[in-house]
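>>> Predicted model and sequence below, questions to follow.
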Amino acid sequence: MFPIDSDGFLFLKMIIKQVKTSETWQVRHEVMWPDQPFEFVQLEEDNSGLHFGVFIDEKLVSIVSCFISDNEMQFRKLAVLPEYQGRGIASELLNYIFELARKKELRRIWCNARTNKKSFYEKLGMKDTFQIFSKAGQEFTIMEICM
Ligand SMILES: CC(C)(COP(=O)(O)OP(=O)(O)OC[C@H]1O[C@@H](n2cnc3c(N)ncnc32)[C@H](O)[C@@H]1OP(=O)(O)O)[C@@H](O)C(=O)NCCC(=O)NCCS
């Protein structure tokens, strides 16, 4: 799938680059936890993460945060602004960090996925570990891809 706008044109000015921690908070808040206070989306671990954003015409429309330890990468807080969803943007962003993990020769990438988003991650080659848990009334399962 290629990233396209609502008229079917390719996003020609789409770029993915590393962003500062603080740049992720607005999109995280707006997309994932709009009913919580702004501080709710700021993680204690944020300073040890690598954060990436997708820019379309210089507007930040999608973000993800990566945390590397023990030769593994956990990604968290993947989000795409609602008006940009369904156009392949999150897929591009995840493929970008998967490539980064390959370059770093990591052995595994994983995430805590909302169970209702499982099929999205499966399309990117991730497998369900069936390690299921609940947090804040939301059910999650651990999805992984071994390199
Ligand atoms: C989930 C999310 C990141 C997907 O981003 P996106 O840019 O819309 O995803 P893509 O366009 O790359 O979708 C790729 C494929 O997954 C499918 N998909 C997208 N969202 C999906 C969902 N919620 N459930 C199941 N499949 C989904 C798409 O239909 C597409 O399939 P196709 O290739 O057969 O057409 C985005 O909807 C989002 O930010 N949601 C709110 C925040 C959130 O839930 N984050 C994830 C927490 S686990």
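Arrived safely, thanks for sending.
>>> Going by C-alpha atoms from here, please, whenever you check contacts or count neighbours.
Will do.
>>> Okay, helices next: where are they in this structure?
Listed from the start of the chain, the chain has helices (DSSP state H) covering 21-32, 89-103, 118-123.
>>> Quick check: buried residues in the shortest one?
Right, the one you point to is helix 118-123. Of all the residues in helix 118-123, those buried under the rule 16 or more other Cα atoms under 10 Å are 118, 121.
>>> pLDDT of it, averaged?
Helix 118-123 comes out with an average pLDDT of 96.
>>> The chain should start at 11 in everything you say after this.
Okay, using 11 as the starting number, the last item reads as helix 128-133.
>>> can you list contacts of that helix?
Here helix 128-133 makes contact (Cα atoms under 8 Å, 6 or more residues apart in numbering) with 137-138, 153.
>>> So is stretch 66-81 next to the ligand?
No: using Cα under 6 Å from any ligand atom as the criterion, no contacts between stretch 66-81 and the ligand are found, and the smallest distance is 7.4 Å.
>>> ok, and for that stretch, which residues are buried?
Under the neighbour-count criterion of 16+ other Cα under 10 Å, stretch 66-81 has 66, 70-78 buried.
>>> among the contacts of helix 128-133, which are in reach of the ligand?
Near the ligand, taking Cα under 6 Å from any ligand atom as the test, no member of the contacts of helix 128-133 is found.
>>> Among the residues you listed, which lie within strands?
With strands identified by DSSP state E, the entries of these that belong to them are 137-138, 153.
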